[in-house]
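**Q** this one's sequence-less:
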Ligand code: S3P
C-alpha cells in the first residue's frame, strides 16, 4: 500500500535498469505528474550530469542529490519520482514516498542498455558506467542496500514495461 504522507512513488535501482522508462509508463497510466532527480539537478546547474562529474567531481554531485531530496520531502506530493542510481543514499529517502526498487542482474542491465538504438549515448552520459569492471563492483556493493531501502522490490528482468507497471500497480493497490 502506498504511504499516505506524501503519496509519492520513488523508483530506485542501478543505472540503466529502466527507472526512467518505467516511471514514464507509470505516469501515463496513473495520470500523476513525474519528476526525475537527475533532470532536476541538470536544470539547477544548467549543465549535464557528465559535465558536473567532470568539472566538480562526484562529492559535489552527491550534495546536489541531498538538496533535491530535502526539497522533494518538503514540497512534493502525488508524484512519480525517478532517481539517479546513487540517490538511494540520501538520509530522508523514506520520507519522500513509497520506495520501489527495480531489480535486475548486472548482465540484464548491460543487455538492456546495449540493445537500445542509441546505446552509445546511453552509456556515454553515465560517468560511473564508463568502466564495466568498476561498474560491476559498484553494482555488487549496492544491491543489498537497494533491497534494504525498498518498500517493494520488483524484478524487471525479461519483463515488458507493461508487465512491470502492472505489477507495481497491483502491489501498491493504486488505479
Ligand atoms: C549515478 C547514476 C546516474 C546519475 C549519475 C550517478 C549512480 O543516474 O545520477 O551518473 O551513482 O549510480 P541513472 O541511474 O539514471 O543512470
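**A** Received the coordinates, thanks. What you see is a predicted model; the values in this text were computed from it and never measured.
**Q** what helices or strands is the helix or strand containing residue 163 leaning on?
**A** Using DSSP states H and E, residue 163 maps to helix 161-172. Counting contacts by 3 or more C-beta pairs under 8 Å, 6 or more residues apart in numbering; DSSP states H and E, helix 161-172 packs against helix 19-30, strand 98-103, strand 152-155. (Glycine included, C-beta is placed from N, CA and C.)
**Q** which other residues reach it?
**A** 1-2, 9, 18, 21-22, 25-26, 29-30, 98, 100, 102, 152, 154, 156, 159, 175 (C-beta atoms under 8 Å, 6 or more residues apart in numbering).
**Q** so does the worst-scoring helix or strand of the chain on mean pLDDT get close to the ligand?
**A** For the chain, counting by mean pLDDT, DSSP states H and E, helix 119-124 ranks last in confidence among helices and strands (a mean of 86). No. For helix 119-124, no contact with the ligand is found by C-beta under 6 Å from any ligand atom; the gap never falls below 8.6 Å.
**Q** buried stuff in that helix?
**A** For helix 119-124, the neighbour count (16 or more other C-beta atoms under 10 Å) marks 122, 123 as buried.
**Q** next SSE downstream of that helix?
**A** helix 132-149.
**Q** and the ligand, is that following helix touching that?
**A** No. Interface with the ligand: helix 132-149 contributes nothing (C-beta under 6 Å from any ligand atom), its closest point being 7.1 Å away.
**Q** i'd like the first residue to be 423 from this point on
**A** With the count now opening at 423, the last piece we talked about shows up as helix 554-571.
**Q** can you give me the buried ones in that helix?
**A** 557, 560, 561, 564, 565, 568, 571.
**Q** give me the contact list for that helix.
**A** 434-437, 507, 510-511, 515-516, 521, 523, 525, 528, 531-532, 550-551, 575.
**Q** got the angle for the helix or strand where residue 464 lies vs helix 441-452?
**A** Applying DSSP H and E as the criterion places residue 464 in helix 459-467. Interaxial angle, helix 459-467 versus helix 441-452 (axes from the mean of the first three to the mean of the last three C-alpha atoms, to 10 degrees): 100 degrees.
**Q** so how far is helix 459-467 from its chain's centroid?
**A** Helix 459-467 sits 14 Å away from the centroid of its parent chain (C-alpha atoms, centre = their mean, to the nearest Å).
**Q** tell me which strands and helices it is in contact with?
**A** helix 471-478, helix 480-497.
**Q** let's see it at 10 Å
**A** helix 441-452, helix 471-478, helix 480-497, strand 501-504 (3 or more C-beta pairs under 10 Å, 6 or more residues apart in numbering; DSSP states H and E).
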